[in-house]
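Undergrad: here's a sequence, model it:
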Amino acid sequence: MPHYNDTVASSLSATELFDYMADFTNAADWDPGTKAAKRLDEGPPRVGSRFELIVEFAGSESPFIYEITELDSPSRVVLRADTDAVHLTDTMTVAERGAGSELTYDARLELKGWRKLGGPVMALLFRRLCERGRRGLERELNPG
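TA: Residues are numbered from 1 along each chain as shown. Below you'll find the predicted structure:
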């Protein structure tokens, strides 16, 4: 199963960082693979909140509906998306660090059916996509 885990330091407070990450429409700002993102419900992010992301991966664009499945403000949010091809789980953990905070981002991609055969190649592509996202997070989480 393709998996990526990394930590990014931020100049934002833990609460500001958590609020930014829990609103998954912000993925369009920091993830170069996310071409568009919109909220499918209203109000503050909560368990059950849903987001539609249009993601470019391996040369094609696909819609993914992410749903918050766990939310422990201001420290942890888990989002999941399911398609016929994949199951995605993104876990974001926020902690205070000095004058700022840090984000630990854990992304897991589970291939379904015959696609599991492409696991090693998909793991490489997934890692590249996540590394690009990490660079975007470093930029967005350290304004100024």
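Undergrad: make it CA atoms for all contacts and neighbour counts henceforth
TA: OK.
Undergrad: in space, what's closest to the most centrally placed residue in the chain - neighbours in sequence excluded?
TA: By C-alpha atoms, centre = their mean, the mean C-alpha position of the chain lies nearest to residue 90, the distance being 5.1 Å. Leaving aside its chain neighbours, residue 90 sits nearest to residue 107 (4.5 Å; criterion: C-alpha to C-alpha, 6 or more residues apart in numbering).
Undergrad: mind checking the SS state of the one you found?
TA: Three-state call for residue 107 (DSSP: H, G, I helix; E, B strand; the rest coil): strand.
Undergrad: hang on, the earlier thing: what's the residue nearest to the centre of the chain sitting at in phi/psi?
TA: phi -120, psi 120 (degrees, to the nearest 10).
Undergrad: pairing partners for it in the sheet, please.
TA: For residue 90, the residues forming beta bridges with it (DSSP bridges) are residue 79, residue 107.
Undergrad: per-residue confidence at it?
TA: For residue 90, the model assigns a pLDDT of 95.
Undergrad: and what of residue 87?
TA: Residue 87 is assigned a pLDDT of 89 by the prediction.
Undergrad: wait, what's in contact with it?
TA: Applying C-alpha atoms under 8 Å, 6 or more residues apart in numbering to residue 87 gives the contacts 80, 81, 109, 110, 111, 112.
Undergrad: nothing else from me, thank you.
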